[in-house]
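> structure, please.
(chains A and B)
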Amino acid sequence: AQSVTQPDIHITVSEGASLELRCNYSYGATPYLFWYVQSPGQGLQLLLKYFSGDTLVQGIKGFEAEFKRSQSSFNLRKPSVHWSDAAEYFCAVGGTGTASKLTFGTGTRLQVTL
Amino acid sequence: KAGVTQTPRYLIKTRGQQVTLSCSPISGHRSVSWYQQTPGQGLQFLFEYFSETQRNKGNFPGRFSGRQFSNSRSEMNVSTLELGDSALYLCASSLALQGNYGYTFGSGTRLTVV
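Numbers count the residues shown, from 1 in each chain, chains lettered A, B, ... in the order given. Prediction:
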């Protein structure tokens, strides 16, 4: 069964500081990996996705993530955080066909201090 | 290009009643998935429809059902509502059943059962 672990429930960073959110997954084959962001009361917005190829993936809003198969990780990074990045971030894993459903981690709430 | 539209945005129902939620996917998207989000259980997969057929189903009781119409619009129904059904219900659409197309989420329907 596929699963995702986000070990950090809550992270606080200062505006302008760098950010790394951790994500570890379990999946039997080559996974499709996603990072989504959710603002309070809103739906999920896709930040970036990995399917194959280059293991460093660029996304929207200056985010990037690196797929490391050996560590079963897909960590999200941003070099300089803005106050507007405060939100909840979800890592998800999916597959193809009947396994195409997304399995989400429990999320990491990011707080940005000014 | 219009996004995924979910109606209504908010609903208040009484225990024992039934409710129907609607989702209009992005034009051209044929796959529609439904997720339930609660503080305790996080994001959980309900079911996925593609070409009017349910292709994937999560671990929810039979009170939760759905359907998809020929124009790809989808509805989900919850019968005999329980207090624990209070949640944000998110709909996501994708071009196809293949996970590598990614999913676009709507803003959700907030259901409160009293």
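
> and the closest residue to A:Gln6 other than its chain neighbours, how far from B:Pro8?
Using CB to CB, 6 or more residues apart in numbering or on different chains and skipping residues adjacent in sequence, the residue nearest A:Gln6 is A:Gly105, 3.7 Å away. C-beta here means a position set from N, CA and C on the backbone, and glycine is covered the same way. Using CB to CB, to the nearest Å, A:Gly105 is found at 29 Å from B:Pro8.

> just A:Leu33 next, same as before
Per CB to CB, A:Leu33 is found 33 Å from B:Pro8.

> kindly report the same for A:Ser14.
For A:Ser14, the distance to B:Pro8 equals 39 Å [CB to CB].

> tell me the residues on chain B that lie near chain A, please.
Selection of chain B residues close to chain A by CB under 8 Å from any CB of the partner chain yields B:4, B:6, B:31, B:33, B:35, B:42-43, B:45, B:48, B:55-56, B:58, B:90, B:92, B:94, B:97-100, B:102-108, B:110.

> could you redo the last one with a cut-off of 6 Å?
If contacts are counted using CB under 6 Å from any CB of the partner chain, the residues of chain B sitting beside chain A are B:42-43, B:45, B:48, B:56, B:90, B:97-100, B:102, B:105-108.

> which phi and psi does A:Arg69 have?
phi -60, psi -40 (degrees, to the nearest 10).

> and stretch A:19-30, end to end?
26 Å (CA to CA, to the nearest Å).

> and the average pLDDT for it is what?
When pLDDT is averaged along stretch A:19-30, the result is 91.

> so what touches it?
The contact list for stretch A:19-30 (CB atoms under 6 Å, 6 or more residues apart in numbering or on different chains) reads A:2-7, A:13, A:31, A:72-78, A:81, A:89, A:91, A:93, A:108.
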